[in-house]
Structure formats: structure tokens, C-alpha cells
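Undergrad: Quick one, structure for this:
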Amino acid sequence: MSSIAKNIKKYRAKLGISQDKLSKLAGITLHTIAKIESGATPDPRIKTIKKIADALGVGIDDLIR
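TA: Residues are numbered from 1 along each chain as shown. This next block holds a predicted model:
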């Protein structure tokens, strides 16, 4: 599993939100969130990472390291 996937799960758990809630906050599909977290999409686009980071209230660097 990529560090991006692990970090998204970690920050999502801290906030206590579901993948569905995150997808709505980020303005991307639930399918995309699920694929990133499962590792099926190991290198998501930076635009997608930015939307997720904004929805989680963290910086892009927090998700990619």
C-alpha cells in the first residue's frame, strides 16, 4: 500500500469520516477514493491529491510522505 493510501486512511480516521463523506467533501467520486485507498491507483493525479488534502484539512505533503 502506498504512503498516500495510508495517510489518507489515517487522516480520515482522525476526522471520523467515511470514504463516502470524504468523496463528497473533496468533490470526487467514492470509486476514486476507494481505488486510491486500496492501492489500485497508487499514483493519483496531483489535482486529486490536492482536493483530498483540502477536504481533510492537511497539506499535500502530509499525504505524500
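Undergrad: Can you name the residues in contact with the longest helix seen in the chain?
TA: Taking DSSP state H as the criterion, the chain has its longest helix at helix 3-15. Under the contact criterion CB atoms under 8 Å, 6 or more residues apart in numbering, helix 3-15 has outside partners 18-19, 22, 33, 36-39, 42, 44, 49, 52, 56-58, 62-65. In this view, the C-beta of every residue, glycine as well, is placed from N, C-alpha and C.
Undergrad: One more pass at 7 Å, please.
TA: Here helix 3-15 makes contact (CB atoms under 7 Å, 6 or more residues apart in numbering) with 22, 36-37, 39, 44, 49, 52, 56, 58, 62-65.
Undergrad: Narrow these to just the buried residues.
TA: Taking 16 or more other CB atoms under 10 Å as the criterion, what is buried in those is 22, 36-37, 44, 49, 52, 56, 58, 63.
Undergrad: In CSV: these, plus secondary structure.
TA: Output for the buried ones among the contacts of helix 3-15, formatted as CSV (DSSP: H, G, I helix; E, B strand; the rest coil):
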residue, secondary structure
22, helix
36, helix
37, helix
44, coil
49, helix
52, helix
56, helix
58, coil
63, helix
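Undergrad: where does the residue sitting nearest the centre point of the chain land on pLDDT?
TA: Centroid-nearest residue in the chain, with CA atoms, centre = their mean: residue 8, separated by 4.2 Å. Residue 8 is assigned 97 on the pLDDT scale.
Undergrad: for the one 5 residues further on, same thing?
TA: Looking at residue 13, its pLDDT stands at 96.
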